[in-house]
Structures are given as C-alpha cells and as structure tokens.
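Colleague: Compute the structure for the input listed below.
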Amino acid sequence: MATVASQYTPRARLTYLGLSAIVRRHLSSSQLRSSSDSHIRSDFANQPWTGVYEPGGPTEGPLGGASDIGAPRITPTILKQHLDQFVVGQERAKKTLATAVYNHYQRIQELQRRDEEEEEQLASEERRRMHHRHPVEGEKELKRFIEVPSLTKDFTEDEYPGQQQTTIHLPPNHSSQQRTIEQNKSASPPPLQDSSPLNIEKSNVLLLGPSGVGKTLMAKTLARVLEVPFSMSDCTPFTQAGYIGEDADVCVQRLLAAANYDVTRAERGIIVLDEIDKIATAKVSQGKDVGGQGVQESLLKIIEGTTLQIQAKQERNANSDRSRGYPTNSPLAGGSINQQSQGGGQKGDTYNVRTDNILFLCAGAFNGLHKMVLDRVSKGSIGFGAAVRASPGSDTSNHHETILEGEDELFEKHLPYYTPSASTSTKSSQLASKQKRKYNTLDLVEPQDLQKYGLIPELVGRIPITCALSSLGVSDLVKVLTEPRNSLLKQYQQLFALSSIEVRFTTAALHAIAATASKMSTGARGLRTVMERLLAEAMFETPGSGIKYVLVNEDVANKKAGAAYFGRGQQNAFRNMIASEEEVWEERKRAEEGNESEFEARARNNTRDGHAVSFQEYRTKATAAGFV
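Modeller: Alright, predicted model coming up:
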C-alpha cells in the first residue's frame, strides 16, 4: 500500500491513507468489552454502535431501582368485598382467608415471573453465545457440545482454517508460579455461596366452626374469582395405605383432574380438606387406628411438600349414561351434547405432581374443643373458672354453645389478636348496659389444644393460621335468605318465575323461617329444608294453573295456614295484603324496641287495627291528641 501511495503527491497520498483507514474501520467489527452485567453495552466512543440489546436485562438510570410489578390487580380488601356478596357475617374469617389466598396468589405470580426470567435469561445467553461463537468452536455449539472429530480434528480451538498454528511461549518460571497459585487456592478455599432466590413459604389455614357457617363457600368463592384449580376432599373416608378406604393422595388426584391434568396449574392450586377433625387420633383400646394418626402422617408429607406419582383414572361419561332409556324427545334425555369426555388425562398416564406450592385449607367443626380451651384459660382461678365452664350449653337461646357473653376480662387477656375493647368507643359504652358483647371460645384455640384434641404436633405446626367461625343467629340467617347474590330467596323466586308465577315473603315470615332453621343446628343449610317444606304444595299446584301470585306470611311460616294464592286479576289484593302484613310487623318492632310514643301506645291499645271501634275509644284518642 505504501508503494502505491508513493506514486502520488503528498497531499493525494494523505487523502488515500485517510480513505483507506475509514474503509478499514467500517469493514472491521469493533471489540466488545466484557461486562459483569447480564447485558452488553456500547460506549459509543469514536466507533459505531455495536451493543446488543437484551429485553430481559436490568433497567438502568433513574428507574433502575423502581419496582416493575406495578399496582396489584387484586388486594385482600377487594377479595373481602367479593366475599361479602356471598357470605354473611364472619368478618374476621373473611379477612384472614382473603389475606391467606392473596398471599398465595402473590406467590404464584412471583414463581411465574421467576420462571419467565429464567427462560429469558437462558435464551439471552444462547443468543449471546451464537453472536460471539468462534468459527471452529461454533461447530461444537451447533451440535450442542457434541464432539465431531471429522469436523475439528485438523483445527485447534483458537485457529482459523488455513492459518498456521500459533505457538504459545510461556515464561521459564510459569510452572512454579502456577503451582504457587494452586497451593494458595487449596490452602484457603473460598466460602460457599448460595445464589438461589428467596423462597416465600406458604401459610396453610385451619378453619374452625360448626357446620353451615360458610367455611367451604368462602374457599370456593375465592378459588373461582382467582381462576386457580380448586378441589375439596372429605377426610372421613381416608385410611392408611393398604386398608379399605381412600388414600390421602386422593386430594391431589382430584386437584389434578380439576386442572384438566395440567401439572403446572395443579401444582399451584388450592385443596380444601374438610372434616379434618374426623382423623384425630382415636382413643382405641384394641386394634389399630387406621384412620387417625396414620392418615395424619400421610397428610403431613403432602402438606409439607413432596412429589407424588398420580395415575389418571378415566371417569365414566355421565351424560351418555343419563340419556339411556329415554326417548329422544324427552326433556330427561341428555342428547348428543358433551358426549365426549373433556378430561385431559387418559387411563394409565402417570403424572409427577409436587405439592410444595399447593395451598391447603383445612376445615372442621371440632366438637368439644371449646371445653378444652375453657379448662386451660380458667385453670388457676378461684371461683372464676367454674362460672366460665358452666357458661357454654347453659344458655337456652339459639346461640351455638361456643358463644360466650359478657366475658370481657377473660377474652381481653387470652385473645391472640387485637380487638378494640368495649370501653374505647362512646357508642359501645352506651350500649353495654343493653346488650352484652359476644365472644367465640374457639378464638382462644392454641396449638396445645389441637394436640390434646388428637392432632399430631407435626401436622399442627404446618398449619400456622387458625381462624374460628361463629354460628349464625336468627338475624344472620335472615340476611342469608335475602342479601347474597345467589340467596335462597332469589333462587325460589326465579324458580317460580320460570312458570310465570310471582312469589313473595313477608318480613315476619322470613324471621319465622330463620328461627325454625336455627333450631336444626345445621347452620344455613337448614334454611333450604324449611323452604322446601313450606313451598312443597305451592310448587306442586301452581305450575300450569291460573294462579299468578303466591304469598307466604307469618302464619304460613309457622304452619298455621297454607300459602295464599291469587289469580291474574287479583294483583291489587296481593299488594294490599303484603302492605298490611308489613305495617303490622313495623308496629310490632317499634313496640319491642321501645321507640313507640305514649300516644301511639294508647292508640294501639284502644283500637282494632288502628281504627276506633266505639265512641268512647274515639273520645279517648281525641283527648290524647289534644282535640278535646
């Protein structure tokens, strides 16, 4: 190049040298500097941009330390508000369960985010390796590090094809220096470092309370709104492996079936173990307790976290069996809709399911546990313990036996969570003389009480959250009838509306129905039993008849009369009867609450349905009103 440039003038020679330098610089790739970060940057210093942008790299600049999660779409407050639409009462239970499920939902989101980041990081490393691969070394990378002697036997790793092999000259004392470095390394080994990410452990929940108070309904509602796999298993038929009954891993098998045999979704679902108090250690004198401690030990491994091999079982097609024996035009025939099974698992397939990230919600009534709690908290007191132990069951009201009234000192001392006392608010202190504060004895449950009841300590220790649910009173049952989105009252009104019939219940009838259901000791489930008994004749007689209106008042609810029927042209009579029934109910409530004025009381006592029946009564009312 210098020989060619010498043939021209000095100025032309300088121009030629400058152009050749520019061409050589553009045709050659600049050297990329190694960085300890997970992404590569370009310094833009007198060279073209040669950096590689990685979407998964960390954010630099002022927003480098900002959170990339953003505002949560679901919060415990939102979940609790959603539960309020379906479950009546149980405020603390709804808050506790909403928080536990929300934390589980956050753990799922974090695990998914980590999996996505790991996949993106692997893809980024693969792209970077392909970008900087050696022409000869790349042959092995393309073969996924499989040696191909026919391709690489004639070339060394650092040589280009067609070039002479480079001879590496080491200094004379290189071997001694290398030996010294190795001795220093062996003398002081580096400390062990764990680079695994922070793992958020799950917090399982134990729900205590009588039957029919909303334990299962709350879990189903939250699982439905979060769109996570959900399954519920009854612990009563669980036995040890090898005995007649169901194995403990059936709950995981049902969760896998609910997830359509998607192992990834099933490993992040929710399992409800209902009636867990039924597997408490039995006090048997003869034989082996195959349904107690052995089942608890099996559940212990599943709740703690293990890998189970679940074999898919092909379920029977209920639709095809249902349509057999009926003509094709019968409404009982299933037809050809959904004749094929929608399940993703085939008989004989085996799935490995990890239970580390499955949330377990355990529920049980634990009958008699409140007595153990009261014996513990009242031990060591003189004269006080006997009164407390006699309180449950001694009340003849409709309250559950775990409810205590007026024991402020006892519960303020032993209650495991904060609650505002009755003396903190003026309104509460004013009402203290009229109505005593109610407490649930199961709120005082400690792990030692559960162990005394029959649960093994290892199982109790893996369920850190304990929440008690209270029984439903008459006012709560009235709310269950009317307030939820899918309330029982709306269901029966819609059922009659399908036959073009309007059914109405008076307020007095609703309270009578709730009072009858509370005596059954089945919680909210007793409401359907009472409703079916009251509406049995109406549901049989009214469809297809000329009856368009059905009224259920207090006499009907108390089984003193049958339901009132009204035809097509009797709508006004139907409305007037409802209005009169409601007016009587309002007057009764005002009299019970003591809000009735003296004039209203005298007028009600001297009249019949609010009207004077004689001149003397009329004169008495007029005198009381000040007209005479």
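
Colleague: For the stretch 301-450 of the chain, which segments count as helices?
Modeller: 318-322, 369-377, 384-389, 408-414, 426-431, 447-453 (DSSP state H, counting those that start in this stretch).

Colleague: Which stretches in the stretch 451-600 of the chain count as helices?
Modeller: For the stretch 451-600 of the chain, the helices defined by DSSP H, counting those that start in this stretch cover 457-461, 474-482, 488-497, 507-518, 525-541, 554-557, 571-593, 598-605.

Colleague: want to throw those helices into JSON lines with mean pLDDT and mean neighbour count?
Modeller: Placement of C-beta: from N, CA and C, glycine included. JSON lines is the format used below for the helices of the stretch 451-600 of the chain (pLDDT from 0 to 100; neighbours: other CB atoms under 10 Å):
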{"stretch": "helix 457-461", "mean pLDDT": "91", "mean neighbour count": "16"}
{"stretch": "helix 474-482", "mean pLDDT": "89", "mean neighbour count": "20"}
{"stretch": "helix 488-497", "mean pLDDT": "92", "mean neighbour count": "15"}
{"stretch": "helix 507-518", "mean pLDDT": "91", "mean neighbour count": "22"}
{"stretch": "helix 525-541", "mean pLDDT": "91", "mean neighbour count": "16"}
{"stretch": "helix 554-557", "mean pLDDT": "90", "mean neighbour count": "21"}
{"stretch": "helix 571-593", "mean pLDDT": "87", "mean neighbour count": "14"}
{"stretch": "helix 598-605", "mean pLDDT": "58", "mean neighbour count": "13"}
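
Colleague: Tabulate these in CSV, adding columns for distance to D84.
Modeller: Shown next, in CSV, are the helices of the stretch 451-600 of the chain (distance: least, CB to CB, whole Å):
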stretch, distance to D84
helix 457-461, 31
helix 474-482, 11
helix 488-497, 16
helix 507-518, 19
helix 525-541, 19
helix 554-557, 27
helix 571-593, 25
helix 598-605, 36
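
Colleague: out of these, which comes closest to G212?
Modeller: Taking CB to CB, helix 525-541 is the member of the helices of the stretch 451-600 of the chain nearest to G212, at 4.3 Å.

Colleague: And the contacts of that closest one?
Modeller: 211-212, 477, 480-481, 488, 492, 495-496, 503, 513-514, 516-518, 520, 522, 547, 550, 552, 556-557, 559, 562-563, 565 (CB atoms under 8 Å, 6 or more residues apart in numbering).

Colleague: Look at stretch 470-477 and report the distance between its end residues.
Modeller: 12 Å (CA to CA, to the nearest Å).

Colleague: Count the residues that sit near the nearest residue to Q570 once chain neighbours are set aside.
Modeller: Excluding its sequence neighbours, the residue lying closest to Q570 (CB to CB, 6 or more residues apart in numbering) is Y549, at 6.8 Å. Counted by other CB atoms under 10 Å, the residues lying close to Y549 total 22.

Colleague: Y549 reaches A497, doesn't it?
Modeller: No. Using CB atoms under 8 Å, Y549 makes no contact with A497, being 11.8 Å away.

Colleague: which residues sit in contact with N558?
Modeller: Contacts of N558 by CB under 8 Å, 6+ apart are A512.

Colleague: distance of it from L369?
Modeller: 36 Å (CB to CB, to the nearest Å).

Colleague: swap in A363?
Modeller: 13 Å.

Colleague: what sits in contact with each of those two?
Modeller: L208.

Colleague: quick one on the thing from earlier: can you tell me which of the helices of the stretch 451-600 of the chain comes nearest to A241?
Modeller: helix 457-461 (17.3 Å).

Colleague: Contacts for the closest one, please.
Modeller: So helix 457-461 is in contact with Q296, E297, L299, L300, I303, P447, L450, Q451, going by CB under 8 Å, 6+ apart.

Colleague: Quick check: of these, which lies closest to R107?
Modeller: Nearest to R107 among the contacts of helix 457-461, with distances taken as CB to CB, is I303, at 15.5 Å.

Colleague: how many neighbours does that closest one have?
Modeller: Neighbour tally, I303, other CB under 10 Å: 24.

Colleague: And L455, by the same measure?
Modeller: 26.

Colleague: Now do the contacts for it.
Modeller: A280, T281, Q296.

Colleague: The second one contacts E297, doesn't it?
Modeller: No. With contact defined as CB under 8 Å, T281 and E297 do not form a contacting pair (10.8 Å).

Colleague: which residues of this protein fall in strands?
Modeller: Ranges of strands within the chain are 205-208, 230-234, 270-274, 307-311, 350-354, 359-364, 403-405, 438-440, 465-468, 502-505, 549-552, 564-566, based on DSSP state E.

Colleague: I'd like to know which of the ones you listed has the weakest mean confidence.
Modeller: Of all these, the minimum mean pLDDT falls on strand 403-405 (a mean of 74).

Colleague: Need the residues that contact stretch 504-511.
Modeller: 474, 478, 481-482, 489, 513, 549-554, 556-557, 574, 578, 581-582, 584-585, 588.

Colleague: then it to PDB, C-alphas only?
Modeller: Output of stretch 504-511 as PDB, limited to C-alpha atoms (Å, rounded to 0.1, in the frame of the first residue of the first chain):
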ATOM      1  CA  ARG A 504     -93.400 -13.100  47.900                       C
ATOM      2  CA  PHE A 505     -92.400 -13.500  51.500                       C
ATOM      3  CA  THR A 506     -93.200 -11.000  54.200                       C
ATOM      4  CA  THR A 507     -90.600  -9.800  56.700                       C
ATOM      5  CA  ALA A 508     -92.300 -11.600  59.600                       C
ATOM      6  CA  ALA A 509     -92.300 -14.900  57.500                       C
ATOM      7  CA  LEU A 510     -88.600 -14.500  56.900                       C
ATOM      8  CA  HIS A 511     -87.900 -14.200  60.600                       C
END
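
Colleague: so where's the stretch 51-200 of the chain shaky on pLDDT?
Modeller: 51-72, 133-188 (pLDDT under 70).

Colleague: The same query, at a cut-off of 90, please.
Modeller: Judged by pLDDT under 90, the stretch 51-200 of the chain has its weakly predicted residues at 51-76, 82, 84-92, 100-200.

Colleague: Quick check: can you list the domain ranges of this structure?
Modeller: 200-282+290-314+344-420+431-470, 474-596 (automatic domain parsing).

Colleague: related to what we said a few turns ago, who does the residue nearest to Q570 form a beta bridge with?
Modeller: Beta-bridge pairing for Y549 (DSSP bridges): E502, F566.

Colleague: And the pLDDT at the closest residue to Y565 other than its chain neighbours?
Modeller: Spatial nearest neighbour of Y565, excluding adjacent residues (CB to CB, 6+ apart): I547 at 4.7 Å. Note for I547: predicted pLDDT of 90.

Colleague: which regions of the stretch 201-350 of the chain lie under the pLDDT threshold?
Modeller: Using pLDDT under 90, the flagged stretches of the stretch 201-350 of the chain are 201-203, 209-232, 234-249, 264-265, 267-269, 274-275, 277-298, 301, 304-306, 309-350.

Colleague: ok, now which ones touch the residue lying closest to L255 once chain neighbours are set aside?
Modeller: Nearest residue to L255, sequence neighbours excluded (CB to CB, 6+ apart): S231, at 4.1 Å. Shown in contact with S231 (CB under 8 Å, 6+ apart): C251, R254, L255, A257, A258, G269, I270, I271, V272.

Colleague: Is it correct that the first one is in contact with S233?
Modeller: Read it as C251. Yes. If you go by CB under 8 Å, C251 and S233 touch, sitting 4.0 Å apart.

Colleague: neighbour-wise, which of those two wins?
Modeller: C251 (25 against 21).

Colleague: Who are the contact partners of the more buried one?
Modeller: S231, S233, I271, L273, I302.

Colleague: shouldn't the second one be in contact with I276?
Modeller: I take that to be S233. No. Between S233 and I276 there is no contact under CB under 8 Å: 9.9 Å.

Colleague: ok, now how distant is E304 from E201?
Modeller: On the measure of CB to CB, E304 and E201 end up 10 Å apart.

Colleague: and F505, how many residues sit next to it?
Modeller: 26.

Colleague: And the closest residue to R485 other than its chain neighbours, its phi and psi?
Modeller: Leaving aside its chain neighbours, R485 sits nearest to Q85 (5.0 Å; criterion: CB to CB, 6+ apart). The phi/psi pair for Q85 (degrees, to the nearest 10) reads phi -80, psi -10.
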